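Novice: what follows is a predicted structure for the sequence shown.
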Amino acid sequence: MITLLKQEYMKLWKQDRGYYYLAFAFVLPFVMFWLDQSVNQIADLGGGVSFANVLMSILAAVIITQEFALGTIRPLLSRRFSRGMIFTAKVLTVLTVFFVIALVSLLASMIAVPIFVHHWQNLNWGNIIQLFLINFWGNFGENLFAAALIIMVANIAKSSSVAIVFVVLMTIGLAILDALSDYLIKIWSPLKWNPISVFNVFGTMVNPDYRVSNWSSVTEKALGASPLVLGLVYSLYVVLMYLIAYAIFRRRSV
């Protein structure tokens with residue numbers, strides 16, 4: 001597994017020019033704090049967390065399909081690696097990229113904030129750290145769901161381009177799916193536990209504009225359940241999608 005992870009990181013660094021992404025993640029906070037010195041901007045690490053979101057989605061779309069498109073899956077399978085190990089390594093790579101990009105943005109923000117946010121010493125850093133943690137882990141939690149869905153679609157479509165188009169359509173069409181979800185819920189209330197509804201409630205709960213103390217009211221109003229139940233259902237959907245994606249990957253012809 002360690003060998004596979006090393007190979008994935010090496011491919012990201014050389015083949016996909018990962019150093020460009022790291023450079024962008026470092027420069028972005030300087031630009032964003034020059035334009036906007038708000039508390040929410042600081043909590044987002046000068047756009048660093050948002051950039052990690054986008055990069056994680058794109059990587060999820062291509063990391064498996066490009067192996068089949070380039071034919072590099074055959075040498076991998078001819079060695080001692082199983083499909084389960086290969087799939088796990090790719091998923092771990094997608095997830096760790098989020099943390100790496102966020103860490104680079106954090107280091108850049110620690111330099112950029114004192115330069116551009118002139119009143120930074122007078123800010124309520126306890127509140128900012130809380131907003132950052134909610135924003136960071138909330139975005140990561142949303143991306144666990146999104147990456148699972150994207151990897152599953154990419155395996156079904158057998159094309160990274162189709163998966164990337166799906167990422168764009170998912171972003172644009174989320175409002176349409178949300179409206180459809182609301183309509184179905186009005187017809188039969190148990191449908192409030194559908195994946196789109198659960199994803200939206202989770203996204204609302206971890207929005208930096210909401211306090212932790214409001215989480216119960218958000219989930220009770222939308223689902224009639226506690227945040228713990230939402231977390232369990234959300235986790236179940238994530239695990240289920242990764243299992244479906246692996247089942248498809250396991251049966252794909254090389």
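Specialist: Sure thing, it's come through. If you're wondering where the values come from, they're calculated on a predicted model, not measured in any experiment.
Novice: tell me which stretches of the stretch 1-150 of the chain form helices.
Specialist: Secondary structure of the stretch 1-150 of the chain by DSSP state H, counting those that start in this stretch: the helices cover 2-14, 18-35, 39-43, 48-62, 65-70, 73-78, 83-116, 125-157.
Novice: swap in the stretch 151-254 of the chain?
Specialist: For the stretch 151-254 of the chain, the helices defined by DSSP H, counting those that start in this stretch cover 160-187, 195-205, 215-223, 227-251.
Novice: mean pLDDT for those: which is lowest?
Specialist: Ranked by mean pLDDT, these end with helix 160-187 at the bottom, a mean of 66.
Novice: not counting its neighbours along the chain, what's nearest L5?
Specialist: A89 (5.3 Å; Cβ to Cβ, 6 or more residues apart in numbering). The way it works is simple: take the backbone N, C-alpha and C, and place the C-beta from them, glycine included.
Novice: burial measure for S105, as a count.
Specialist: The tally of other residues near S105 (other Cβ atoms under 10 Å) stands at 28.
Novice: state the distance from it to F30.
Specialist: From S105 across to F30, the span is 10 Å (Cβ to Cβ, to the nearest Å).
Novice: overlap in contacts, the two.
Specialist: G46 (Cβ atoms under 8 Å, 6 or more residues apart in numbering).
Novice: flag the helix or strand of the chain with the lowest per-element mean pLDDT.
Specialist: In the chain, the helix or strand scored least confidently by mean pLDDT, DSSP states H and E is helix 160-187, which has a mean of 66.
Novice: OK, contacts around the residue nearest to A52 when sequence neighbours are not counted?
Specialist: Distance criterion Cβ to Cβ, 6+ apart; nearest residue to A52, sequence neighbours excluded, is I101 at 4.0 Å. I101 sits next to Y21, L22, A25, G48, F51, A52, L55 when contact means Cβ under 8 Å, 6+ apart.
Novice: ok, and the closest non-adjacent residue to the first one?
Specialist: Here the nearest residue to Y21 in space, its sequence neighbours aside, is L55; by Cβ to Cβ, 6+ apart that works out to 6.1 Å.
Novice: again, but for the third one
Specialist: Ranked by Cβ to Cβ, 6+ apart and with sequence neighbours excluded, the top spatial neighbour of A25 is V104, at 4.4 Å.
Novice: ok, now the fourth one?
Specialist: For G48, the nearest residue in space outside its immediate sequence neighbours is S105; the separation is 2.2 Å by Cβ to Cβ, 6+ apart.
Novice: wait, the one you found touches L55, no?
Specialist: No - assessed by Cβ atoms under 8 Å, S105 is found out of contact with L55, at 11.1 Å.
Novice: quick one: neighbours of R83, just the number.
Specialist: The local packing of R83 (other Cβ under 10 Å) involves 16 other residues.
Novice: send the alpha carbons of stretch 239-254 over as PDB?
Specialist: Presented in PDB, the C-alpha positions along stretch 239-254 are these (Å, rounded to 0.1, in the frame of the first residue of the first chain):
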ATOM      1  CA  VAL A 239     -19.700   4.300   2.500                       C
ATOM      2  CA  LEU A 240     -22.400   2.800   0.200                       C
ATOM      3  CA  MET A 241     -21.200   4.900  -2.700                       C
ATOM      4  CA  TYR A 242     -17.600   4.000  -2.200                       C
ATOM      5  CA  LEU A 243     -18.600   0.300  -2.000                       C
ATOM      6  CA  ILE A 244     -20.600   0.600  -5.300                       C
ATOM      7  CA  ALA A 245     -17.600   2.400  -6.900                       C
ATOM      8  CA  TYR A 246     -15.300  -0.400  -5.800                       C
ATOM      9  CA  ALA A 247     -17.700  -3.100  -7.000                       C
ATOM     10  CA  ILE A 248     -17.700  -1.500 -10.500                       C
ATOM     11  CA  PHE A 249     -13.900  -1.000 -10.500                       C
ATOM     12  CA  ARG A 250     -13.400  -4.600  -9.500                       C
ATOM     13  CA  ARG A 251     -15.400  -5.900 -12.500                       C
ATOM     14  CA  ARG A 252     -14.000  -3.500 -15.100                       C
ATOM     15  CA  SER A 253     -12.200  -5.100 -18.000                       C
ATOM     16  CA  VAL A 254      -8.600  -4.000 -18.700                       C
END
